[in-house]
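>>> coordinates only, sequence not included:
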Ligand SMILES: [Cu+2]
């Protein structure tokens, strides 16, 4: 099973799977870039509340941001453990990463629920539409990453992960860190900067 | 030659990873302190904190891709691929945002105000028309002189009416019956003077739902229905004003951009 992927011949001299992952991440930038641009366009355009200032909870989201940053640290440890061929550490760090990701999703579920109860819906106003679309797709990325991490942990438990198959862990790590940097951008734009937006400016006349 | 790229031995050490994690945490704490008003910096900085926050998150972004994602140590081609995607994303963002901001945030109003009639289209239509009446639009509603009831329906769940134009004779007693089959949306129907629908709706937004989203005593308003909640129908009766073209519009906030039509008085 663990064939020598690192020695396959490619015209660029670069590993195909890794190249594919970077091309995917580059294109995923466009995906999130479009959603972020849409949020920015409709920022402050909602005619009815709730507005960000009414419901955005920056302290709580700062905590969940720490959790996601910590998960990226656990991820690099998982890769280091894979290179070191330490099976227990591989499984442990992978599960720790998945667990921290799950906590982040937990925060998001509570947040979405609170927002819903306070009247923010996907169809209620422009803020709700753009906010839920953007953060929802990010949450979906995190969820996919958790599934990937757990699957890798199962492989690790079976002893299938080690220096020869480190790329399997590295690719998952690239994806995971990418999700982390997308959150860095979302956190800054939607929470730190946009979190205090109120309704539309009163119309003159 | 296919062998040299993997086995990057110069991955950061655990100690370096810990340092990086601490830096990322520290930056996040600084960001939080910048905006949290109880700290007191937020107000002093005013709008200047926005570029600061953007710069700080850009630093975090760079640290993660360079170290956690190893782009600093990996083959530069990967970095180029990623930066290409990132650059395109930025360009898409700038294009979208400038498209909207460039029209003062109101592309539709801008388009309506600056629209030039498409002459060729009108000529083609007149060429095909049997009679010499150029540009005469068909309406579903025949012109009547006595008391008349016109039916205007909301087009399902969309923010639009099912009729583009209704017609009545000046001086006739007109009853406009509005059906709202939507399960989710509230609407109203307001008859206004030509070209004032957006202004009336904007002021109506300030008047709030208790006034049916219409400013009381607004001189541009000829008549209006109550706010019709989902599934509720209503009507309004009034005397058709002087001949001319008026508009009907829903002034529920935001609906006026798509939910309107002409009210022609002969
Ligand atoms: Cu409406």
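Done, it's in. Just so it is clear, the model here is predicted, and its values are computed rather than measured.
>>> Tell me the buried residues in stretch A:150-161?
Neighbour-count burial for stretch A:150-161 flags A:150, A:152-153, A:155-156, A:160-161 (criterion: 16 or more other C-beta atoms under 10 Å in any protein chain shown). C-beta here means a position set from N, CA and C on the backbone, and glycine is covered the same way.
>>> Also stretch B:19-31?
Applying 16+ other C-beta under 10 Å to stretch B:19-31 flags B:20-21, B:24-25, B:27-28, B:31 as buried.
>>> How about stretch A:184-199?
A:184-195, A:197, A:199.
>>> What mean pLDDT does it get?
On average, the pLDDT along stretch A:184-199 is 88.
>>> any chance of the buried residues of stretch A:184-199 in a markdown table, plus secondary structure and distance to chain B?
Shown next, in a markdown table, are the buried residues of stretch A:184-199 (DSSP: H, G, I helix; E, B strand; the rest coil; distance: C-beta to the nearest C-beta, whole Å):
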| residue | secondary structure | distance to chain B |
| --- | --- | --- |
| A:184 | helix | 5 |
| A:185 | helix | 6 |
| A:186 | helix | 10 |
| A:187 | helix | 7 |
| A:188 | helix | 4 |
| A:189 | helix | 8 |
| A:190 | helix | 11 |
| A:191 | helix | 8 |
| A:192 | helix | 5 |
| A:193 | helix | 6 |
| A:194 | helix | 10 |
| A:195 | helix | 8 |
| A:197 | coil | 12 |
| A:199 | coil | 10 |
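>>> Can you tell me how far residue B:231 is from residue A:19?
Distance, residue B:231 to residue A:19, using C-beta to C-beta, to the nearest Å: 56 Å.
>>> neighbour count winner among the two?
residue A:19 (16 against 13; other C-beta atoms under 10 Å in any protein chain shown).
>>> Quick one: residues contacting the more buried one.
Residue A:19 sits next to A:10, A:12, B:78, B:81 when contact means C-beta atoms under 8 Å, 6 or more residues apart in numbering or on different chains.
>>> State the helix or strand in which it lies.
Residue A:19 is part of helix A:16-42 when elements are defined by DSSP states H and E.
>>> How far away from the center of its chain is that helix?
Relative to the centre of its chain, helix A:16-42 is centred 12 Å away, using C-alpha atoms, centre = their mean, to the nearest Å.
>>> same check, this time on stretch A:119-126
Chain-centre distance of stretch A:119-126: 23 Å, with C-alpha atoms, centre = their mean.
>>> One more: stretch B:230-248?
How far stretch B:230-248 lies from its chain's middle: 26 Å, per C-alpha atoms, centre = their mean.
>>> what does the average pLDDT come to for it?
Here the average pLDDT along stretch B:230-248 is 88.
>>> Identify the residues contacting whatever residue of chain A ends up closest to chain B.
Using C-beta to the nearest C-beta, the single residue of chain A nearest to chain B is residue A:26, 2.4 Å away. Going by C-beta under 8 Å, 6+ apart, residue A:26 touches B:81-86, B:88.
>>> 6 Å instead, please
Residue A:26 is in contact with B:81-82, B:84-85, counting by C-beta atoms under 6 Å, 6 or more residues apart in numbering or on different chains.
>>> which of those are buried?
Buried subset of the contacts of residue A:26 (neighbour count, 16+ other C-beta under 10 Å): B:81-82, B:85.
>>> Could you tell me which of the residues you listed belong to helices?
B:81-82, B:85 (DSSP state H).
>>> In three-state terms, label the residue nearest the centre of chain A for me.
In chain A, the residue lying closest to the centroid (C-alpha atoms, centre = their mean) is residue A:179, at 3.0 Å. The three-state label given to residue A:179 by DSSP: H, G, I helix; E, B strand; the rest coil is helix.
>>> Spatially nearest residue to it, not counting backbone neighbours?
Setting aside the residues directly before and after it, residue A:179 is nearest to residue A:141 in space (C-beta to C-beta, 6 or more residues apart in numbering or on different chains), at 4.8 Å.
>>> Can you give me the buried ones in stretch A:44-60?
Within stretch A:44-60, the residues scored as buried using 16+ other C-beta under 10 Å are A:44-46, A:48-52, A:55-56, A:58.
>>> for stretch A:123-130, same thing?
Those would be A:124-130, for stretch A:123-130 by 16+ other C-beta under 10 Å.
>>> Next: stretch B:210-224.
The neighbour-count check on stretch B:210-224 (16+ other C-beta under 10 Å) flags B:212-215, B:218, B:220-224 as buried.
>>> Any chance of the residues you listed in JSON lines with distance to residue A:167, pLDDT and secondary structure as columns?
What follows is the buried residues of stretch B:210-224, written out as JSON lines (distance: C-beta to C-beta, whole Å; pLDDT from 0 to 100; DSSP: H, G, I helix; E, B strand; the rest coil):
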{"residue": "B:212", "distance to residue A:167": "64", "pLDDT": "87", "secondary structure": "coil"}
{"residue": "B:213", "distance to residue A:167": "60", "pLDDT": "89", "secondary structure": "coil"}
{"residue": "B:214", "distance to residue A:167": "65", "pLDDT": "90", "secondary structure": "coil"}
{"residue": "B:215", "distance to residue A:167": "66", "pLDDT": "87", "secondary structure": "coil"}
{"residue": "B:218", "distance to residue A:167": "68", "pLDDT": "84", "secondary structure": "coil"}
{"residue": "B:220", "distance to residue A:167": "68", "pLDDT": "87", "secondary structure": "coil"}
{"residue": "B:221", "distance to residue A:167": "69", "pLDDT": "90", "secondary structure": "strand"}
{"residue": "B:222", "distance to residue A:167": "72", "pLDDT": "89", "secondary structure": "strand"}
{"residue": "B:223", "distance to residue A:167": "72", "pLDDT": "89", "secondary structure": "strand"}
{"residue": "B:224", "distance to residue A:167": "67", "pLDDT": "90", "secondary structure": "strand"}
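>>> which of those residues lies closest to residue B:68?
Nearest to residue B:68 among these is residue B:213, at 51.3 Å by C-beta to C-beta.
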